[in-house]
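# predicted model and sequence follow; I will ask about them next.
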Amino acid sequence: MDFLISNAYAEGAPAPAGGGIEMILMMAVFFAIMYFMIIRPQQKRAKEHKQMLESLSKGDEVVTGGGVLGKVAGINDNFVELTIADNVTVKVQKQAVASVLPKGTMKGA
């Protein structure tokens with residue numbers, strides 16, 4: 001019965017065009033997109049936060065990352081003392097200060 005079925009031989013597969021160059025180019029484009037969309041803006045925000053912390057001064061009204069609103073009563077290298085109410089002062093890490101608010105914000109709160 002072997003004479004009814006002919007042998008089927010596969011043709012030679014064509015070589016992929018471009019080879020590894022396309023893959024390297026695609027990875028470079030992907031890295032560039034990641035850099036400009038994620039890494040660079042995060043570095044910019046970190047730089048702005050560092051400048052804001054360096055410019056803190058006594059009397060500034062700030063809000064912490066936890067949402068505590070207070071007026072700066074004292075500053076040292078690592079900590080900030082915040083007055084959050086009459087005769088109530090808390091000490092928080094300098095990095096916990098999220099933003100400086102406009103003067104007079106605490107009067108409305």
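Thanks, I have it. Owing to the predicted nature of the structure, the values given are computational and were not obtained by experimental measurement. Numbers count the residues shown, from 1 in each chain.

# sec struct for the residue positioned nearest the centre of the chain, please.
Averaging the C-alpha coordinates of the chain gives a centre point, and the residue nearest to it by CA atoms, centre = their mean is Gln42 (3.8 Å). Secondary structure of Gln42, reduced to three states by DSSP: H, G, I helix; E, B strand; the rest coil: helix.

# so where do the helices sit in the chain?
Ranges of helices in the chain, per DSSP state H, are 21-34, 40-54, 105-108.

# can you list the domains in this protein?
Recorded structural domains for the chain (assignment: automatic domain parsing) are 17-55, 58-109.

# so of the ones you listed, which one's packed in deepest?
Ranked by average neighbour count under the criterion mean count of other CB atoms under 10 Å, those are headed by domain 58-109 at a mean of 14. For glycine as for every other residue, the C-beta is placed from the backbone atoms N, C-alpha and C.

# let's have the domains of the chain in CSV, adding mean pLDDT.
Conversion of these to CSV gives the following (pLDDT from 0 to 100):
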stretch, mean pLDDT
domain 17-55, 91
domain 58-109, 92
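
# and those domains as CSV, adding distance to Glu11?
Below are the domains of the chain laid out as CSV (distance: least, CB to CB, whole Å):
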stretch, distance to Glu11
domain 17-55, 17
domain 58-109, 65
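
# just the CA trace of stretch 69-86, in PDB.
Extracted C-alpha coordinates of stretch 69-86, given in PDB (Å, rounded to 0.1, in the frame of the first residue of the first chain):
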ATOM      1  CA  LEU A  69      -1.900  70.400  59.000                       C
ATOM      2  CA  GLY A  70       0.500  72.500  61.000                       C
ATOM      3  CA  LYS A  71       2.700  75.500  61.300                       C
ATOM      4  CA  VAL A  72       6.500  74.900  61.500                       C
ATOM      5  CA  ALA A  73       7.800  75.700  65.000                       C
ATOM      6  CA  GLY A  74      11.300  74.400  64.600                       C
ATOM      7  CA  ILE A  75      13.500  72.700  62.100                       C
ATOM      8  CA  ASN A  76      16.700  70.500  62.400                       C
ATOM      9  CA  ASP A  77      18.500  68.200  60.000                       C
ATOM     10  CA  ASN A  78      16.000  65.300  60.100                       C
ATOM     11  CA  PHE A  79      12.900  66.500  62.000                       C
ATOM     12  CA  VAL A  80      10.400  69.300  61.900                       C
ATOM     13  CA  GLU A  81       8.300  70.500  64.800                       C
ATOM     14  CA  LEU A  82       4.700  71.300  63.900                       C
ATOM     15  CA  THR A  83       2.300  73.300  66.000                       C
ATOM     16  CA  ILE A  84      -1.100  71.700  65.200                       C
ATOM     17  CA  ALA A  85      -3.200  73.400  67.800                       C
ATOM     18  CA  ASP A  86      -2.700  75.800  70.800                       C
END
